[in-house]
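Enquirer: the sequence and its predicted three-dimensional model are supplied below.
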Amino acid sequence: MARVEIEPGTVPAQWWHRESDGRLQCDLCPRACTLQDGQRGFCFVRERHGEQLVLTSYGRASGFCVDPIEKKPLNHFYPGSSVLSFGTAGCNLGCRFCQNWDISKARQADRLTDRAMPEAIADAAVRAGARSVAFTYNDPVIFAEYAIDTAIACHERDVATVAVTAGYIGEDAREAFFRHVDAANVDLKAFTDRFYRKLCFAALEPVKQTLVWLRRETDVWLEVTTLLIPGENDSEAEVDALCGWFVEALGPDVPLHFTAFHPDFKLTGLARTPPETVARARRQALRHGLHHVYTGNVHDAQGQSSYCSGCGAQVIERDWYAIGKWSLDERGACSACGTTLAGRFDARPGAWGRQRLRVHMG
């Protein structure tokens, strides 16, 4: 299954074409980087190598950990289960507030310490008892070939796959990438193009297009996260605009997570997001008619638990990543009224809890 490597960690890339002036244009994401020989794209891991484009991080990872699935965050995808998480290096966004900047902004030689081919990752997930494998820490769009091959290997072993992504992907690559993904958490960074341009060096519209496409054209289980940054994207007006669009475009059953910012990378001068801001955003979303709205990076058992959209009863109790009361039947329906909870569920929740286990690949 593994692709033929030009040299260790380097394989031919997909999704590119030759321009009339001889440059090669990468079609993986909306940046459409055009490259001369030896040049790398904005993401740093896609490079022109002679007359072809290559991915330079194939089979090379920045580390592997088994996490609770709720940490992705995914609250409606096999709750309580464990997920083997890994990433590579680089990113196709330039977020000045990146919470994983040591990975996403690193040059690959600095961080890619683990060598693991797709089959080895899938086997490691089985040995660890992980219900799924997550492409995370940095955006898996930029290592799409590696992620796709890993997903195929996982599915051959009945292991599910998860993409934690900003959704900044081109139309040409979108279907091929998500065809092999079972669940995705997409970061909707904000709801203004000004924010995306100023703080992410990107654009909002392609992300909205990805979200709508995922919801309407695929069977991928979708959840969305917005990190609330004081003074940048946390106003009541912007949250209202986001929630109004969300209900209309994605529907009320897609879970939305509001999470608190902590100062990092280039935004160390800002204060942490007050818990009250996160709680207020959750209330706004509920008023707009969203059924499942969560808070993150703050201790808020009410905002982290799941409630029936029919009768309002608490159906999954959470305290951080630990599952408490479980009031769903074997069909994933509310024990009180029989309303089915949107998502993917086993008959009983997993019991992984808050553990985080480092995995060393042989």
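Expert: Here it is on my side, so go on.

Enquirer: give the contact list for the residue most central in space within the chain.
Expert: Compute the mean C-alpha point of the chain, and by C-alpha atoms, centre = their mean the closest residue is residue 164, 1.3 Å away. The neighbourhood of residue 164, defined by C-beta atoms under 8 Å, 6 or more residues apart in numbering, consists of 72, 134, 135, 136, 137, 140, 184, 185, 187. C-betas here are computed from N, CA, C, even on glycine.

Enquirer: which SS class is it?
Expert: Put simply, residue 164 is strand when judged by DSSP: H, G, I helix; E, B strand; the rest coil.

Enquirer: just list whatever residues bridge to it.
Expert: Judged by DSSP bridges, the bridge partners of residue 164 are residue 185.

Enquirer: number of nearby residues for residue 305?
Expert: Number of residues near residue 305 (other C-beta atoms under 10 Å) recorded here: 18.

Enquirer: now the phi/psi pair for it, please.
Expert: The phi/psi pair for residue 305 (degrees, to the nearest 10) reads phi -90, psi 160.

Enquirer: isn't it up against residue 313?
Expert: No - Residue 305 is beyond contact range of residue 313, at 10.7 Å (criterion: C-beta atoms under 8 Å).

Enquirer: number of residues surrounding residue 197?
Expert: Other residues within reach of residue 197, judged by other C-beta under 10 Å, total 12.

Enquirer: would you say it is within a strand?
Expert: No - using three-state DSSP, the secondary structure at residue 197 is helix, not a strand.

Enquirer: domain parsing for this protein?
Expert: What automatic domain parsing lists as the domains of the chain is 11-55, 62-297, 305-343.

Enquirer: okay, those domains in JSON lines with mean pLDDT and distance to residue 349 next?
Expert: What follows is the domains of the chain, written out as JSON lines (pLDDT from 0 to 100; distance: least, C-beta to C-beta, whole Å):
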{"stretch": "domain 11-55", "mean pLDDT": "96", "distance to residue 349": "36"}
{"stretch": "domain 62-297", "mean pLDDT": "93", "distance to residue 349": "4"}
{"stretch": "domain 305-343", "mean pLDDT": "96", "distance to residue 349": "5"}
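
Enquirer: helices of this structure, residue ranges please.
Expert: 101-104, 108-111, 118-128, 144-156, 171-178, 193-195, 205-217, 236-250, 275-287, 301-304 (DSSP state H).

Enquirer: ok, and for the last one, which residues are buried?
Expert: Spelled out, that is helix 301-304. For helix 301-304, the neighbour count (16 or more other C-beta atoms under 10 Å) marks 303, 304 as buried.

Enquirer: how about residue 353, what does it touch?
Expert: 68, 80, 321, 322, 323.
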